[in-house]
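**Student:** below are the sequence and a predicted model for it; my questions follow.
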Amino acid sequence: MDGVIYRENHLLPDAQEFVQYLLETGSPFVFVTNNSAPTPEDLVIKLKHLGLSGLSPRHFYTSAMNTAEFLQETHPGCTAFVLGEAGLSAALLEAKIPNDSLHPSYVIVGEGNPSNERIAKAHELIENGARLVATNPDNWCPVKGNQTRPGAGALAAYLEASTGQRAYYLGKPNALMFSRARQKLHGNPQEVMMVGDTMETDIRGAIEIGIQACLVLTGSTQLEDLANYVYQPTCVMSGVGELLEELRGGGETDRKGSPAFFPFEVVAKSGDRLQTEHAAFRKPRPRPAMTK
Ligand SMILES: [Mg+2]
């Protein structure tokens, strides 16, 4: 959602019209987020305050829900010690996974800001045999402007370092997150498109499960970043407004005229939706003095 529909506390251009169009036409959609802190109900309220009404909890699938569903299915009767917020606790409650601070099957790391005491407790429990699971691999999350905060991935990495145990990461780009979200749409996989702003999570996961991946340039990725990735989006758009135009038109818009490619002289490839001739607008990469 962040970087596609809203940024900080305001909707991005055309986001309201885009979501309204999906609701009015009955097009199945689900917002897929790696933020395990809010519940779907919290997200309905947040988006309502930003100006998107008509949404319900079923329109959201969080990494906390993905984690709880995965553990419920693969390990019935398991217990967990949780470093996370209400969204994660609610998802685990729904999946009937009890809290356990004595001999948990798992230590689950989600988004949040746990105390040093709780982190030390998590370390101890992992040392005593609990397995380490993280709701998402994000090392940092955007806060405001260029400001960031540490993410669940960073805290999981800390515990990996302190215990020598490797975490298993749910959420994007894990294929389980994408296949679950896709199942919720009950659609033909060929007709499902992931719209996202982040290459490592949104685009990578979509490509890996074989659905279309539309990169919008309203968030964390710029066009010239594409050359750094092995996997590529199936289409690039300046924002959801362009996608709305395409949906309303009932066909593909003229990619070569996409504002996404302004101010580059290079035009998109024609003929298919793998439109990025990325080598043409690559930028020099900084060369670190050392990698360790
Ligand atoms: Mg995003």
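**Tutor:** Perfect, thanks for sending it.
**Student:** show me which positions of stretch 164-172 end up buried.
**Tutor:** Along stretch 164-172, the positions that meet the burial threshold by neighbour count (16 or more other Cβ atoms under 10 Å) are Gln165, Ala167, Tyr169, Leu170, Gly171, Lys172. Heads up, the C-betas are built off the backbone N, CA and C, glycines and all.
**Student:** looking at those, spot the one nearest Gly153.
**Tutor:** Tyr169 (7.1 Å; Cβ to Cβ).
**Student:** number of nearby residues for the closest residue to the closest one other than its chain neighbours?
**Tutor:** The spatially closest residue to Tyr169, leaving aside those adjacent along the chain, is Pro137, at 4.3 Å (Cβ to Cβ, 6 or more residues apart in numbering). Counted by other Cβ atoms under 10 Å, the residues lying close to Pro137 total 22.
**Student:** and the residue in the stretch 1-150 of the chain that the ion sits nearest to, its phi and psi?
**Tutor:** For the stretch 1-150 of the chain, the residue positioned closest to the ion under Cβ to the ion is Gly3, at a distance of 3.7 Å. Backbone dihedrals for Gly3, given as degrees, to the nearest 10, come out at phi 90, psi -10.
**Student:** quick one: the strands in the stretch 151-292 of the chain?
**Tutor:** When assigned using DSSP state E, counting those that start in this stretch, the strands of the stretch 151-292 of the chain occupy the ranges 168-169, 193-196, 212-216, 235-237.
**Student:** need the three-state assignment for Val107.
**Tutor:** Val107 carries the three-state label strand when classified by DSSP: H, G, I helix; E, B strand; the rest coil.
**Student:** give the bridge partners for it, please.
**Tutor:** Using DSSP bridges, the beta-bridge partners of Val107 come out as Phe81, Leu132.
**Student:** i'd like the first residue to be 695 from this point on
**Tutor:** Noted, 695 is the first residue going forward, which turns the last one into Val801.
**Student:** contact partners for it?
**Tutor:** Contacts for Val801 (Cβ atoms under 8 Å, 6 or more residues apart in numbering) come out as Ala774, Phe775, Val776, Leu777, Ala816, Leu819, Ile820, Ala824, Arg825, Leu826, Val827, Leu853.
**Student:** mind checking how far the nearest residue to Thr915 once chain neighbours are set aside is from the ion?
**Tutor:** Using Cβ to Cβ, 6+ apart and skipping the chain neighbours, the partner closest in space to Thr915 is Met893 (5.4 Å). Distance check for Met893 against the ion: by Cβ to the ion, to the nearest Å, it reads 10 Å.
**Student:** Met893 against Tyr923, yeah?
**Tutor:** Yes - contact between Met893 and Tyr923 holds when scored by Cβ atoms under 8 Å: they sit 5.3 Å apart.
**Student:** quick one, which of these two is more surrounded?
**Tutor:** Set Met893 next to Tyr923 and count neighbours by other Cβ under 10 Å: Met893 wins out with 21 against 16.
**Student:** contacts only, for the more buried one.
**Tutor:** Shown here is Met893, whose contacts under the criterion Cβ under 8 Å, 6+ apart are Leu909, Thr915, Asp919, Leu920, Tyr923, Tyr925, Pro927.
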